[in-house]
Structure formats: C-alpha cells, structure tokens
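Participant: show me the folded form of this:
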Amino acid sequence: MPGVREIAQAAQVSIATVSRVLSGAAGVSEDARRRVRAASAALNYRPEAARRGRPKRRHAQADTATAEPLGGQVLLLVPGTRAAALHDRTVGYFAYVFSGLMKKAQEAGVTLNLTPYAPGTLPDVLGAPRVEAAQRAGARGVLLLFTTRDEDRFLERAKLALPCLALNRALRNARVTVRVDERGGARAAAEHLLELGHRRIGVLAGPARYAFFEERLAGVREALAAAGRKLPTSHVARAELSPDGGRASARTLLALRPRPTALFAAEEDFAAGALAEAQAQGLRVPRDVSLAAFSDFVLSARGAAGPGVGVTAVRVPAFEMGYLGLEALLNAARLGVRMRQESVLETALVVRRSAAAPKRA
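Facilitator: Numbers count the residues shown, from 1 in each chain. Reported below is the predicted structural model:
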C-alpha cells in the first residue's frame, strides 16, 4: 500500500512537504504541490486505505464513533530532548509519526498541544490538578511519545481524568493500544541473516530503559533459538541513541575474536555509527561484515553503505501509527469506558545489498 514515503520519492520532495500538501497546509510551492498531487494520483494513494490496510487488530470492542469533528485539543507529551525531531526532516521516525498525527488532527478538527517535559517529571506533568485544568480548557485526551519503562509503569498505575495512550507501548490494563510489532520485525531481520549463513551475529542494542529496544533484542534471540543457537552476552553492545553511540558499540563488537560476520543495529542511528566504524577499520559492507537495521527512513536508502549498496532494514509504518494512534484516542474520548482496542501494525523487511553470505574462513 503506497504511503507518504513512496509519494515523497516519486515527487522528489520531503516527507514533510507531502504531509503539508495532503493536509492542505500552506507554505508549499505550487510546483511541489502539483508534483505531490500527481504522484498521489499515479500511486492511487488513498488515506483511508493507507491507514486501514496495515494494522492487525488483535481485539477490538467499540461502537462506531461519529464522524463529526470532535474539536478541542489533545496533549501531545514528548521528552524535551526529542521535541525538536518532530519538525526535523532529517529525523525520519518522528517526522513520519508526527505527519500521521497532524493528518488525523486536521481531519478531526482537534489541535495538538505539544508539551515537552524533562526526565523524571512526567508524574508532575500528569498530576491531577494539571490534567483536570487541561480538561476544563477543552483537552480531549493525552498522547505520549517515547516513554521509558519507568514512565510506562507510572502510566499503568495512574488514574487520569482523560483518555490516555502511550504510542507504541503495550501497557498492562491499557484500554487502547496502538503499536508496531517490534519483536516480529527484529526476528525477521535475524532470520534473514541466518538464512544467508551467518552464525556469529552481533547486536547494537539500545538502552534497556526503553521497552521497544528490549522487544527488538527479544526478536533476535527468538530467531537464534529457533535455529538452535544462543546470543552470547558478549555479542550485545548497548548504546545511547546517537550515531556516536552506535559507532562505539560497533567498535566493541568488531573487536571480538572471532569477529561477528553480521551486525544487527536495533536503531537507524546505530547503523550509521556501525558503517562509520567499519569504514574507519577498513572493512567493507557486506564483503567483510554484513549489516541489517531496524527502521527504514533516512539511512537505508540506496548508497548508504557504499556505491549502490543500501541497508537491509525493517520498515516501520510510522505515519500509519501516528494516524491510528490519534484516531483510537479520539474514539476513546467519544466512547469512554466502552472503548476497547489493540492495534498491532506489521513491519516489513526490505532486503538490500548490505547483507550477504559470510566469507568462508
């Protein structure tokens, strides 16, 4: 199903430009607007089909919500360190999610009230006085991006006066869940590396405080276990979210003896760091070491790993996740306690030339 990514590629514009054209926003040249519309028509892009075609509804129990615009506002809570990425065209994941949120907000007639917060302050931000004041001011719900596991545990205990959705999280007792199959996507990438013949796979993992990184690591372990193998602790290197962190992790893994024949980067920034470190060590991808990554936004395009060599990556339906997440939250605001829904969006492995059969020793 074509989406904003494919339209942006066909029209040779940014994802943000596509989002602005599709939502009817200003600030786009007439030439760019014409190219986006032409690409949308050529690809037979339909927003309704795009958002309905990908998720697997594990279970749903909800009345049909009215199509009338709801109005009001939704509090969009984002860690302060990530807030700027919502508007950064070079940061794929957040830009895609935000585009989906904005599209649905425009359709529903609601305003997204961006609320950055500092680490450790979420209980204060969502304290009863503040939430009740926001409700009196017209807030319809609370949507959170990029929560940590500690924050997830707080949300599981919290009794908020407004419907709440932590996007891409499977919180215990949550009435509404919209998330990506993180574990399945990572498992598919690891299975691909195993099928190519790799037996020594190193994982560039993220901080354990984020549940989605643990899901991706679990997916790799599941794939290896199914093949009768284990993932040694020495073959997991954790890093903070940055290319520099990925490079340091890659340096650790590439120093192992025997060296891993393939690396799985649990985040796109890690893959960028791994490529930089491999190049610094005179290693070629995939001749000397294969590489696969989770997420397929900026780095994984053609040529990222060298002339004509794109990065094999797990594609994440981030636009759809943002759109469906806000849609589910607004439905919960309309239907209240009657609303029950869990949507799990499928990923897809995009095979490129950064992963190949390992060299024979």
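
Participant: tell me the confidence at residue 71?
Facilitator: Residue 71 carries a pLDDT value of 70.

Participant: how does the chain divide into domains?
Facilitator: Domain assignment of the chain by automatic domain parsing yields the ranges 1-45, 55-179+317-345, 182-315.

Participant: what's the offset of the last one from the middle of its chain?
Facilitator: The one in question is domain 182-315. 17 Å (Cα atoms, centre = their mean, to the nearest Å).

Participant: tell me the mean pLDDT over stretch 180-195?
Facilitator: pLDDT averaged over stretch 180-195 gives 96.

Participant: ugh, typo on my part, it should be stretch 325-343
Facilitator: 81.

Participant: same question, stretch 293-300
Facilitator: 82.

Participant: ranges for the strands of the stretch 151-300 of the chain?
Facilitator: Secondary structure of the stretch 151-300 of the chain (DSSP state E, counting those that start in this stretch): strands at 164-166, 176-180, 201-205, 236-238, 262-265, 290-294.

Participant: ok, which stretches of the stretch 101-250 of the chain are helices?
Facilitator: With helices called from DSSP state H, counting those that start in this stretch, the stretch 101-250 of the chain shows them at 122-125, 128-136, 149-157, 182-195, 211-226, 243-254.

Participant: tilt between the last one and strand 201-205?
Facilitator: Relative orientation of helix 243-254 with respect to strand 201-205: 150 degrees, computed using axes from the mean of the first three to the mean of the last three Cα atoms, to 10 degrees.

Participant: would you agree residue 145 is in contact with residue 167?
Facilitator: Yes - between residue 145 and residue 167 there is a contact under Cβ atoms under 8 Å: 5.6 Å. Quick note: C-beta positions are derived from backbone N, CA and C, even for glycine.

Participant: need the overlap of contacts for the two.
Facilitator: Among the neighbours of residue 145, those also in contact with residue 167 (Cβ atoms under 8 Å, 6 or more residues apart in numbering) are residue 97.

Participant: about what we covered before: residue 353 is nearest to which of the domains of the chain?
Facilitator: domain 182-315 (4.5 Å; Cβ to Cβ).

Participant: what about this protein, any weak spots by pLDDT?
Facilitator: For the chain, the stretches flagged by pLDDT under 70 are 1-5, 14-17, 19-20, 22-28, 42, 44-70, 81-91, 300-308, 336-339, 361.

Participant: on that earlier part again, among the helices of the stretch 101-250 of the chain, which comes closest to residue 261?
Facilitator: Counting by Cβ to Cβ, residue 261 lies closest to helix 182-195 out of those; the figure is 8.6 Å.

Participant: could the strands of the stretch 151-300 of the chain go into CSV alongside mean neighbour count?
Facilitator: Listed next are the strands of the stretch 151-300 of the chain as CSV, based on neighbours: other Cβ atoms under 10 Å:
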stretch, mean neighbour count
strand 164-166, 24
strand 176-180, 24
strand 201-205, 26
strand 236-238, 19
strand 262-265, 31
strand 290-294, 29
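
Participant: okay, those strands in JSON lines with distance to residue 18 next?
Facilitator: Compiled in JSON lines, the strands of the stretch 151-300 of the chain are given as follows (distance: least, Cβ to Cβ, whole Å):
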{"stretch": "strand 164-166", "distance to residue 18": "25"}
{"stretch": "strand 176-180", "distance to residue 18": "21"}
{"stretch": "strand 201-205", "distance to residue 18": "30"}
{"stretch": "strand 236-238", "distance to residue 18": "35"}
{"stretch": "strand 262-265", "distance to residue 18": "27"}
{"stretch": "strand 290-294", "distance to residue 18": "23"}
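
Participant: many thanks, I have nothing further to ask.
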